[in-house]
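Novice: Got a sequence here, can you build the structure:
(4 chains, ligands or ions: 4)
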There are 2 protein chains.
Amino acid sequence: MAQKQEYLSKNQQIVLNLIEKAKGPLKAYSILYDVQKKGIKAPLQVYRALEKLIKIGKIHKIESKNAFIACNNSECEISKATAFSICNNCEHVKEIKNTKLSKYLSNFQDNSGMKYKKYNLEFFGLCKNCKLKQ
Amino acid sequence: MAQKQEYLSKNQQIVLNLIEKAKGPLKAYSILYDVQKKGIKAPLQVYRALEKLIKIGKIHKIESKNAFIACNNSECEISKATAFSICNNCEHVKEIKNTKLSKYLSNFQDNSGMKYKKYNLEFFGLCKNCKLKQ
DNA sequence: CTTAATTTGTTATAATATAACGTTTGTTAT
DNA sequence: ATAACAAACGTTATATTATAACAAATTAAG
Ligand SMILES: [Zn+2]
Ligand SMILES: [Zn+2]
Ligand SMILES: [Zn+2]
Ligand SMILES: [Zn+2]
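Specialist: Ligands and ions are numbered 1, 2, ... in the order given. Prediction:
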């Protein structure tokens, strides 16, 4: 479990702080808007920070939403096995921590002869709250 | 297995034909370029056709690539359980048909109380061909 | 036929993401 | 300390992906 220490740069830290205190996934341009007071002025500065944070597993991209969320899984230094639950009604998103699921998918093999190094899974449905209100 | 007959409109049929004869996923603006000779002139005409084709399960969107691929699975009238393998080298994409996998994921439950109605899974790795060349 | 629903055509614009360039800062090895 | 390299930064411009808004035309259903 030796964890590689990663020193974040100023912009990376600013962006990560924002994403970590957010309740849900954030969009790049909403991040940009929020960090302007900290001196980040251009989209590229945000996208570069996001790219690095994804690479080291601090955040993940929710592909179906083009949005970014803090990692909720201590085993995610590199984001090579991610799963999310997404509510279609309130847009609530949560990273799924489930050892059985991640083992099943990490070991998955089909007949294509392809060896998978990475996966991303997105589940959609209604969260507990929204189910009650229906 | 009663299959609901869907009559496609002109634009929908044009776009579907193109996607079905393509070897891999196509991007919206590349589709637009290719169908201009058929009279489709604007992005919206393509996006509207794509939206409908997705809805009835004739095609799927590869979220990580913003690209669209023909369905390869006869059980996919509605795209509520999709899985793809994606080669990181040659970008080859294939829809995974695997009953065990789809059963496992369709029945998946975690402790969140959420009942999932839909999922999308994308596997990444090296395809057989690209593995040999390394 | 009439009404409703879907699809179309068109223009404009929004939202998401990257290219290219030169500068600055941080790390590593002599 | 300083040269050499890599990473991050700042900035401007531009590419790519996707939707809003509105009116006309076509198609399905009663
Ligand atoms: Zn994670
Ligand atoms: Zn909800
Ligand atoms: Zn399919
Ligand atoms: Zn390949």
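Novice: can we go C-alpha only for contacts and neighbour counts from here?
Specialist: Will do.
Novice: Okay, and the beta partners of A:Ala81?
Specialist: A:Tyr119 (DSSP bridges).
Novice: Go ahead and confirm it touches A:Asn120.
Specialist: Yes: using CA atoms under 8 Å, A:Ala81 is in contact with A:Asn120, at 6.1 Å.
Novice: Which of those two has more residues huddled nearby?
Specialist: More crowded of A:Ala81 and A:Asn120, by other CA atoms under 10 Å in any protein chain shown: A:Asn120, with 22 against 18.
Novice: pLDDT wise, what is that one at?
Specialist: A:Asn120 is assigned 98 on the pLDDT scale.
Novice: so how far is ligand 2 from it?
Specialist: 21 Å (CA to the ion, to the nearest Å).
Novice: And for A:Tyr47?
Specialist: A:Tyr47 is 28 Å from ligand 2, by CA to the ion.
Novice: can you check A:Gln13 too?
Specialist: A:Gln13 is 30 Å from ligand 2, by CA to the ion.
Novice: which element is that residue on?
Specialist: helix A:10-21 (DSSP states H and E).
Novice: ok, is that helix in contact with DNA strand C or not?
Specialist: No: on the criterion CA under 7 Å from any atom of the strand, helix A:10-21 is out of touch with DNA strand C, staying 8.6 Å away.
Novice: how far does that helix sit from the chain's center?
Specialist: 13 Å (CA atoms, centre = their mean, to the nearest Å).
Novice: helices and strands around that helix, which ones?
Specialist: Judged by 3 or more CA pairs under 8 Å, 6 or more residues apart in numbering or on different chains; DSSP states H and E, the packing partners of helix A:10-21 are helix A:28-35, helix A:43-55, strand A:67-70.
Novice: Next, the angle helix A:43-55 makes with it.
Specialist: Per axes from the mean of the first three to the mean of the last three CA atoms, to 10 degrees, the angle that helix A:10-21 makes with helix A:43-55 is 70 degrees.
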